[in-house]
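Enquirer: from the sequence below, what's the structure:
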Amino acid sequence: MEIISADGTRLAARRTGRGEPLVLVHGSAGGLDSFDPVVPLLTDAFEVWVYERRGYAPGAGEPALFAGDVADLRAVLQRSGPARVAGVSYGATVGLHAALESGAGIRTLTVFEPPLFAAGAVGALKRFRAALTAGDLLAANRIFAAEVARFPFADQLGPADPGETTGMLHDLEALAADGPDIDRWSGIRVPIRIVQGGDTWAPMPETMDALAAACPAAERVTLDGQSHFAAHTAPELFAAAIR
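Expert: Numbers count the residues shown, from 1 in each chain. Have a look, this model is predicted:
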């Protein structure tokens, strides 16, 4: 199906299963298939909604920083009705922004490792743009991985997928324009669950500790033996954490 956001951005979406609505928000370099390993494990209890964030094919849309992402999530919630929301990585940061600005439509929020440490990454944005302008997709992918995601194996990655670079650029523009204040998330008034991998590299563990300190009522779940890719490496554990 297609969902049209407030500014006319067209978002591809899927709805699967029956039950209480659950909206999943994918991370950077992701897409409509990001939750394929997880969705079948949730459809017995939830009506699961997934959608393609702006900038990621087959959708389009002009970059509008986190304001655009929040508007897009609201458009999905208008179709689904009040729902539980779960976001991964950048998608988790979208969930935080949406819940802080207005929790309307969000019944609960589950966040898996939002990269809050990447807020204000202006230098990485400049280098990423320069690499794209030069057509160097290998450099672009490694810049994003090393300076934004902080992957310890960034120098081993291949070129960025050409179909994902527009979305990655949007995500980095939003992160670069975002503020680093983690305490602001204390203003969220919907129930929050913070999920992380037990083996995810620094500075993610420290960042999740800081988020939990800002949101002392939040539940915390650690997926032992997992890292930032738990939705794919351990979909059963990931689905259980959402449940």
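
Enquirer: center of the chain, which residue is that?
Expert: Compute the mean C-alpha point of the chain, and by Cα atoms, centre = their mean the closest residue is G91, 1.3 Å away.

Enquirer: from Y56, how far out is that residue?
Expert: Between G91 and Y56 the distance is 11 Å, computed by Cβ to Cβ, to the nearest Å. Any C-beta I mention is one placed from the backbone N, CA and C, and that applies to glycine too.

Enquirer: give the residues shared as contacts by the two.
Expert: The contact sets of G91 and Y56 overlap at 26, 30 (Cβ atoms under 8 Å, 6 or more residues apart in numbering).

Enquirer: any weak-confidence spans in this structure?
Expert: Residues of the chain meeting the criterion pLDDT under 70: 57-64.

Enquirer: the helices in it, which residues?
Expert: 65-80, 90-101, 122-133, 137-143, 165-177, 204-214, 230-233, 235-242 (DSSP state H).

Enquirer: show residues contacting the fifth one.
Expert: Applying Cβ under 8 Å, 6+ apart, the set of residues contacting helix 165-177 from outside is 28-29, 53-57, 63, 65-66, 69, 90, 93, 115, 118-122, 124-125, 128-129, 132, 137, 140, 144, 148, 160.

Enquirer: try it again at 7 Å.
Expert: Contacts to helix 165-177, defined as Cβ atoms under 7 Å, 6 or more residues apart in numbering, come from residues 28-29, 53-56, 63, 65-66, 69, 90, 118-122, 124-125, 128, 132, 137, 140, 144, 148, 160.

Enquirer: now swap in the third one and tell me
Expert: Helix 122-133 is contacted by residues 139-140, 143-144, 147-148, 165, 169, 172-173, 176 when judged by Cβ under 7 Å, 6+ apart.

Enquirer: buried set for it?
Expert: By 16 or more other Cβ atoms under 10 Å, the buried positions in helix 122-133 come out as 124-125, 127-128, 131-132.

Enquirer: near the nearest residue to H26 once chain neighbours are set aside, how many other residues are there?
Expert: Counting by Cβ to Cβ, 6 or more residues apart in numbering, the nearest residue to H26 once its immediate chain neighbours are dropped is S34, at 3.8 Å. Look at S34: counted by other Cβ atoms under 10 Å, it has 23 neighbours.

Enquirer: the residue of the chain positioned farthest from its centre and R189, how far apart?
Expert: In the chain, the residue that sits farthest from the middle, by Cα atoms, centre = their mean, is A134; the gap is 27.5 Å. Per Cβ to Cβ, A134 is found 45 Å from R189.
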